[in-house]
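> Quick check, what structure comes out for this input:
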Amino acid sequence: MRRRFRRRIQYDFENIYFKPRNIPLNELEEVEISDEELETLRLRYIERLDQEVSAKQMGISQSQYQRDITEALKKITEALIDGKAINIKKRQ
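Residues are numbered from 1 along each chain as shown. The predicted structure is shown next:
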């Protein structure tokens with residue numbers, strides 16, 4: 001397996017939870033999204049950069065960027081549809 005390189009992240013994400021209302025966090029299943037996955041979404045949907053530019057900014061290939069953004073969208077969709085909490089984790 002290839003060694004995973006640390007991606008460049010230009011925004012300082014804190015550990016953040018998003019959860020459905022009126023349900024205690026300890027009763028919810030959780031979906032974990034890395035700060036790297038969140039950065040792919042930020043670059044695409046907030047900064048409105050295309051894949052090629054976003055991938056270069058993060059120091060990864062365009063195909064890896066596509067895999068990361070697809071995985072992030074899948075996790076968020078799962079949390080919204082199944083009523084799970086979203087935990088944004090910083091990688092060390």
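
> The lengthiest helix in the chain: what's the following helix or strand?
The helix that spans the most residues within the chain, counting by DSSP state H, is helix 62-82. Using DSSP states H and E, the helix or strand that directly follows helix 62-82 along the chain is strand 85-89.

> Just checking: what are the partner strands of that next one?
Strand pairing for strand 85-89, using DSSP bridges, gives strand 16-18 (antiparallel), strand 30-34 (parallel).

> got the contact list for that strand?
Contacts with strand 85-89, where a contact means CB atoms under 8 Å, 6 or more residues apart in numbering, come from 13-20, 25, 28-35, 38, 75-76, 79. Where C-beta positions appear, they are placed from N, C-alpha and C, glycine not excepted.

> Is the residue sitting furthest away from the middle of the chain in a helix, a strand, or coil?
Distance from the centre of the chain peaks at residue 22, with 24.5 Å (CA atoms, centre = their mean). The assignment at residue 22 comes out as coil when based on DSSP: H, G, I helix; E, B strand; the rest coil.

> count of neighbours near the residue lying closest to residue 76 once chain neighbours are set aside?
Distances taken as CB to CB, 6 or more residues apart in numbering place residue 86 nearest to residue 76, at 6.6 Å, with adjacent residues excluded. Counted with other CB atoms under 10 Å, residues neighbouring residue 86 total 19.

> Could you give the bridge partners of residue 86?
residue 18, residue 31.

> wouldn't residue 83 be in contact with residue 23 here?
Yes - under the criterion of CB atoms under 8 Å, residue 83 makes contact with residue 23 at 7.4 Å.

> can you give me the mean pLDDT across stretch 59-74?
Throughout stretch 59-74, pLDDT has a mean value of 96.

> List the buried residues in that stretch.
60, 64, 65, 68, 69, 72 (16 or more other CB atoms under 10 Å).
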